[in-house]
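Asks: how would this look folded up:
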Amino acid sequence: MADRQRVESVIERGGVGAPSVTVVVCTRNRAEGLRRALESLTKLDVAGLRVDVLVVDNGSTDHTAGVVEEVAATSSIPVARVFEPTPGVANARQRGVTETRGDWIAFFDDDQLAEPDWLHNLFALAAAKDAKFVGGRVVLSLPEGHAGRDLAPFTRMLLGASVGMPAACRYDMKTTPGAGNMLVHREVFERVGPFDPALHRGEDTDFYMRAVDAGFAAWYTPDAVVHHCIPADRMNDAYLYRLCDVIGNGTAERDFDRFGRMKLSAVWIARLGQTALSLFPLWAWAKLTEDAEGKRGRRCRLRVARRYLRDTARFVVGLPVETV
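Replies: Residues are numbered from 1 along each chain as shown. Below is the predicted model of the structure:
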């Protein structure tokens, strides 16, 4: 973890001064998980920062409101709640943006725990790179009975972990920031527009791509760490395969919107070649040489590719595509 004095020095040199930031946490019916998430945020090192936390309650029917009140009563960091009745995480995230007044908005999920220096390290990166869009590392916190599993890199990626990014780097179209760990300046929203509520998933990736198209550079640091808490019912093949279908389907939909029918045809041919010449042989080799976790990771990667190819082909020829 970065040294606090180094972090504060970088912030001061970057001219950020005492930036104001609202941490937006979207939630729905996860009261006790939200409690743990908020408690981790109340322990943040906020020296040199003006920080508050805003919970966007997206239609909860449990005791979410009570949890927010209880945490707020003992927190030195202001914690508030707004109710957003329109379902959908894009609507909830955008409500958070609309409600905030500071220069910066940080996004954090209700099933995560933050390291104390999380925000400081995001701001250090923003100052060092003169960036208005930064993200950090997500580490998996596996449930009891699964902590010893040596998950394949692709499986860890499916569950939300940052994979293959050991050092600070600029995001690209293959490695994109996730809304559970990112810090965005208000100017980005003013120029790019809101999260797209029409999207069923991937609203954070869509927003990132529009930001890139608008000329913003987004940077990643492994020093800004959050822990993604995985429940036991997500550690089975059925859940992983559904995630694969969601990713393949969502990527196909996003590429169709981005490229259009003609260009997507060329993309489809290239992806088909990649699957035939690379992914399928690697999967076949894994069946003979790798352990169970390695095989699972290869199967998942191949399943994403198959779903993408199937749905992309349907988009290209004008057939209906079912949203997963």
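Asks: residues near residue 236, how many?
Replies: 9 (other Cβ atoms under 10 Å). (Glycine included, C-beta is placed from N, CA and C.)
Asks: then residue 71?
Replies: 22.
Asks: which ones are touching the nearest residue to it once chain neighbours are set aside?
Replies: Spatially, and ignoring its direct neighbours in sequence, residue 71 is nearest to residue 38 (4.4 Å; Cβ to Cβ, 6 or more residues apart in numbering). By Cβ atoms under 8 Å, 6 or more residues apart in numbering, residue 38 lies in contact with 25, 53, 55, 67-68, 71, 75, 79.
Asks: out of those residues, who's nearest residue 167?
Replies: The closest of the contacts of residue 38 to residue 167 turns out to be residue 25 (Cβ to Cβ; 28.2 Å).
Asks: relative to residue 185, how far out is that closest one?
Replies: 19 Å (Cβ to Cβ, to the nearest Å).
Asks: which of these two has more residues huddled nearby?
Replies: Between residue 25 and residue 185, residue 25 has the larger neighbour count (other Cβ under 10 Å), namely 26 against 19.
Asks: can you pull the contacts of the more buried one?
Replies: Neighbouring residues of residue 25 by Cβ under 8 Å, 6+ apart: 34, 37-38, 41, 53-56, 108-110.
Asks: go again using 7 Å as the cut-off
Replies: 37, 53, 55, 108, 110 (Cβ atoms under 7 Å, 6 or more residues apart in numbering).
Asks: looking at these, which is nearest residue 164?
Replies: Nearest to residue 164 among the contacts of residue 25, with distances taken as Cβ to Cβ, is residue 108, at 22.9 Å.
Asks: what's in contact with the host helix or strand of the closest one?
Replies: Assigned by DSSP states H and E, residue 108 falls within strand 104-109. By Cβ under 7 Å, 6+ apart, the residues outside strand 104-109 that reach it are 19-25, 37, 41, 93, 96-97, 114, 119, 122, 179-180, 182-186, 226.
Asks: related to what we said a few turns ago, just among the contacts of residue 38, which is most surrounded?
Replies: residue 55 leads the contacts of residue 38 on contacts (other Cβ under 10 Å) with 28 neighbours.
Asks: helix/strand/coil for it?
Replies: With DSSP: H, G, I helix; E, B strand; the rest coil as the basis, residue 55 sits in strand.
Asks: beta partners for it?
Replies: Under DSSP bridges, the beta-bridge partners of residue 55 are residue 25, residue 81.
Asks: measure stretch 74-86 end to end?
Replies: 30 Å (Cα to Cα, to the nearest Å).
Asks: would you mark the buried spots in it?
Replies: 75, 77, 79, 81, 84 (16 or more other Cβ atoms under 10 Å).
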